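Novice: Predicted model and sequence below, questions to follow.
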Amino acid sequence: MLKRVFKLHRIPAWLRAGRRDLELAHARRLTPRYRAKQTIVRQFWMGASLVTLIQPVLPFALIVGLFTTFVSFSILDETPD
């Protein structure tokens, strides 16, 4: 019984409500705008990788990796503008 209650809390609210948004949840990845953002993020990661290869020091690589991850999530964020 307790397992069942915990499983319900891990399911998103829109899925628990019985809405058919499962197909729409990943549909944003197919839009041209999102694909353009993915291209920007891919190029940004390539540049960050090149910088890390030029300066192969672990603390520098970690800082560049964390910064690049933050910027990537910021670019790909889908909140209303």
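Specialist: Good, I have the coordinates. Residues are numbered from 1 along each chain as shown.
Novice: alpha carbons only for contacts and neighbour counts from here, please
Specialist: Fine.
Novice: Can you tell me how far Val57 is from Arg42?
Specialist: 22 Å (Cα to Cα, to the nearest Å).
Novice: Skip the chain neighbours and tell me the closest residue to Phe60.
Specialist: Thr52 (7.4 Å; Cα to Cα, 6 or more residues apart in numbering).
Novice: Count the residues that sit near the one you found.
Specialist: Thr52 is flanked by 18 other residues according to other Cα atoms under 10 Å.
Novice: these two touch, right, it and Leu58?
Specialist: No: between Thr52 and Leu58 there is no contact under Cα atoms under 8 Å: 9.0 Å.
Novice: neighbour-wise, which of Val57 and Arg42 wins?
Specialist: Arg42 (13 against 10).
Novice: what helix or strand is the more buried one on?
Specialist: Arg42 belongs to helix 32-54 when elements are defined using DSSP states H and E.
Novice: For that helix, buried residues please.
Specialist: By neighbour count on 16 or more other Cα atoms under 10 Å, the buried set for helix 32-54 is Tyr34, Lys37, Gln38, Val41, Phe44, Trp45, Ala48, Ser49, Thr52.
Novice: Let me see the mean pLDDT of it.
Specialist: For helix 32-54, mean pLDDT rounds to 94.
Novice: How about stretch 73-81?
Specialist: Mean predicted confidence for stretch 73-81 is 78.
Novice: circling back: pick the one among the buried residues of helix 32-54 closest to Leu76.
Specialist: Lys37 (6.3 Å; Cα to Cα).
Novice: ok, residues contacting the helix holding Arg42?
Specialist: Contacts made with helix 32-54 from outside it, assessed by Cα atoms under 8 Å, 6 or more residues apart in numbering, are listed as Arg28, Arg29, Phe60, Ala61, Val64, Gly65, Thr68, Ser72, Ile75, Leu76.
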